[in-house]
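>>> this one's sequence-less:
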């Protein structure tokens with residue numbers, strides 16, 4: 001690629017981001033953009049820098065995720081730090097850097113700062129990267145300038161990345177492993193020493209969801225609704241509202257699970273009361289040792305039953321009919337054109353399958369829900385010798401897929417257990 005070809009590429013690619021070429025010379029390109037009154041200048045240095053990087057591009061791979069690049073000696077990974085970066089108290093200067101090690105020593109060091117020219121040029125015309133830049137740029141006012149134009153680099157706010165520099169690895173795979181360990185150690189130190197929390201991104205932020213949201217019951221569009229006829233348990237309502245107020249799938253899952261868990265002992269005790277009542281109402285019941293021993297056995301057995309999977313099943317059986325559970329699973333699988341529940345699959349070390357049969361579905365669902373809940377709560381595998389839940393994109397996607405069911409169950413249990421509003 002020569003200089004003229006690079007100029008044409010800039011014009012073509014920037015037009016995709018609503019930059020319209022208004023003029024060009026041997027020294028610069030001039031664009032207009034509907035968001036800005038002044039013209040926007042792309043200097044010759046930008047194009048030359050891009051051309052220089054194109055020679056070196058072959059040394060970089062887009063690994064281990066789409067927003068990270070790595071060569072045998074340079075790793076750079078996106079860290080979403082908008083709350084820190086724009087707070088204005090800890091990390092607000094776009095030229096400010098946080099270093100781990102001495103950058104002048106010639107040995108390996110790490111740096112947290114705006115994306116480097118290497119990273120910027122690698123992703124310069126990537127739509128998802130450009131969307132991230134636009135989001136950051138929108139959070140700032142137009143750059144102050146006495147000129148009648150804006151330099152492109154003064155306009156665009158680059159995202160924050162962590163860079164590992166000056167390490168030597170024999171191949172890219174080893175480089176990723178080595179730099180992963182350094183990045184994790186640096187980010188722990190950042191949290192511990194400066195109370196700034198950041199995790200390496202696993203995909204570009206604000207990536208468009210391709211799937212349409214699932215609604216078993218469509219949201220009401222009318223702003224005029226009937227006055228409430230029921231009142232839900234206020235404690236349970238707090239769990240539910242916490243689940244509704246967050247986008248974190250783990251917190252959502254656990255919040256909706258706690259709605260169900262709230263009724264474990266109550267419903268379980270009701271079963272015991274029914275068993276005891278049947279014994280006591282039996283005309284043949286006497287205060288003989290044999291009959292009293294029968295009551296003691298029932299109570300002792302009940303106290304010893306701590307299987308929460310069975311308790312969850314009992315709650316589902318009490319408050320939901322099998323038919324509505326089956327209808328929900330069928331609708332959910334139909335929406336995604338995938339047998340998410342009814343095909344046997346291994347989730348966190350346990351083989352699970354939901355059979356859409358009356359008498360089976362509540363038990364199958366209870367086992368699945370409890371498996372996911374245990375994986376989220378127990379960092380150790382000593383409880384059931386199953387796989388751990390490690391926070392990453394793959395595991396988060398598994399939990400996110402389970403949330404609609406938990407939300408649906410929580411809502412139905414809350415409604416079924418409610419009282420009339422007087």
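Here it is on my side, so go on. Computed from a predicted model, the values in this text were never measured in an experiment.
>>> Got the phi and psi for residue 150?
phi -120, psi 130 (degrees, to the nearest 10).
>>> typo on my end, it should be residue 75
phi -120, psi 140.
>>> Mind jotting down where the strands sit in the stretch 201-350 of the chain?
Ranges of strands within the stretch 201-350 of the chain are 230-231, 345-347, 350-352, based on DSSP state E, counting those that start in this stretch.
>>> With residue 133 as the reference, name the closest of these.
Closest to residue 133 of the strands of the stretch 201-350 of the chain, according to Cβ to Cβ: strand 345-347, at 37.5 Å. To be clear about C-beta, it is placed using only N, CA and C from the backbone, and glycine gets the same treatment.
>>> So what's the model's average confidence on that closest one?
Taken as a whole, strand 345-347 has an average pLDDT of 92.
>>> and if you look at stretch 126-138?
Stretch 126-138 comes out at a mean pLDDT of 81.
>>> tally of neighbours for residue 379?
10 (other Cβ atoms under 10 Å).
>>> Quick check: closest non-adjacent residue to it.
residue 388 (6.3 Å; Cβ to Cβ, 6 or more residues apart in numbering).
>>> ok so, going back, ok, which of the strands of the stretch 201-350 of the chain comes nearest residue 69?
Of those, the one closest to residue 69 (Cβ to Cβ) turns out to be strand 345-347, at 32.8 Å.
>>> Which residues in that closest one does the neighbour count mark as buried?
For strand 345-347, a neighbour-count test (16 or more other Cβ atoms under 10 Å) marks residue 347 as buried.
>>> now stretch 180-193
180, 182-183, 186-187, 190.
>>> List the strands paired with the helix or strand hosting residue 77, with their directions.
Assessed by DSSP states H and E, residue 77 sits inside strand 74-78. Strand 74-78 has the following strand partners under DSSP bridges: strand 68-70 (antiparallel), strand 160-165 (antiparallel).
>>> What's the first helix or strand after the longest one?
Towards the C-terminus, the helix or strand next in line after strand 160-165, according to DSSP H and E, is helix 172-194.
>>> Which elements pack onto that next one?
strand 68-70, strand 74-78, strand 98-100, strand 109-114, strand 160-165 (3 or more Cβ pairs under 8 Å, 6 or more residues apart in numbering; DSSP states H and E).
>>> gap between that helix and the chain center?
21 Å (Cα atoms, centre = their mean, to the nearest Å).
>>> Equivalent analysis for stretch 341-358, please.
23 Å.
>>> just stretch 121-139 next, same as before
Per Cα atoms, centre = their mean, the centroid offset for stretch 121-139 relative to its chain is 21 Å.
>>> which residues in the stretch 1-150 of the chain form helices?
Ranges of helices in the stretch 1-150 of the chain, per DSSP state H, counting those that start in this stretch, are 3-15, 44-56, 82-85, 117-122, 127-138.
>>> Nearest to residue 9, out of the strands of the stretch 201-350 of the chain?
From the strands of the stretch 201-350 of the chain, taking Cβ to Cβ, the stretch that ends up closest is strand 345-347, at 45.3 Å.
>>> Surely residue 171 is in contact with residue 73?
No - counting by Cβ atoms under 8 Å, residue 73 is not a contact partner of residue 171; they are 11.7 Å apart.
>>> could the helices and strands packed on helix 172-194 be laid out in JSON lines, adding distance to residue 221?
Below are those laid out as JSON lines (distance: least, Cβ to Cβ, whole Å):
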{"stretch": "strand 68-70", "distance to residue 221": "42"}
{"stretch": "strand 74-78", "distance to residue 221": "38"}
{"stretch": "strand 98-100", "distance to residue 221": "48"}
{"stretch": "strand 109-114", "distance to residue 221": "43"}
{"stretch": "strand 160-165", "distance to residue 221": "40"}
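>>> out of these, which comes closest to residue 22?
Closest among these, using Cβ to Cβ: strand 109-114, at 27.8 Å.
>>> Next, the angle helix 172-194 makes with the closest one.
Angle, strand 109-114 to helix 172-194, by axes from the mean of the first three to the mean of the last three Cα atoms, to 10 degrees: 70 degrees.
>>> for strand 109-114, packing partners?
Strand 109-114 packs on strand 98-100, strand 160-165, helix 172-194, going by 3+ Cβ pairs under 8 Å, 6+ apart.
>>> what's next to the shortest one, contact-wise?
Going back to what we said before, that points to strand 98-100. With contact meaning Cβ atoms under 8 Å, 6 or more residues apart in numbering, strand 98-100 is reached by 91, 109-113, 186, 189-190, 194.
>>> Just the buried ones from these?
For the contacts of strand 98-100, buried by 16+ other Cβ under 10 Å: 91, 109-113, 186, 190.
>>> and those residues as CSV, adding distance to residue 22 and pLDDT?
Output for the buried ones among the contacts of strand 98-100, formatted as CSV (distance: Cβ to Cβ, whole Å; pLDDT from 0 to 100):
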residue, distance to residue 22, pLDDT
91, 36, 51
109, 43, 96
110, 41, 95
111, 37, 93
112, 37, 91
113, 33, 90
186, 44, 92
190, 43, 84
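>>> okay, among these, which ones form the most distant pair?
Going by Cβ to Cβ, the pair spanning the buried ones among the contacts of strand 98-100 furthest: 91 and 109, at 18.1 Å.
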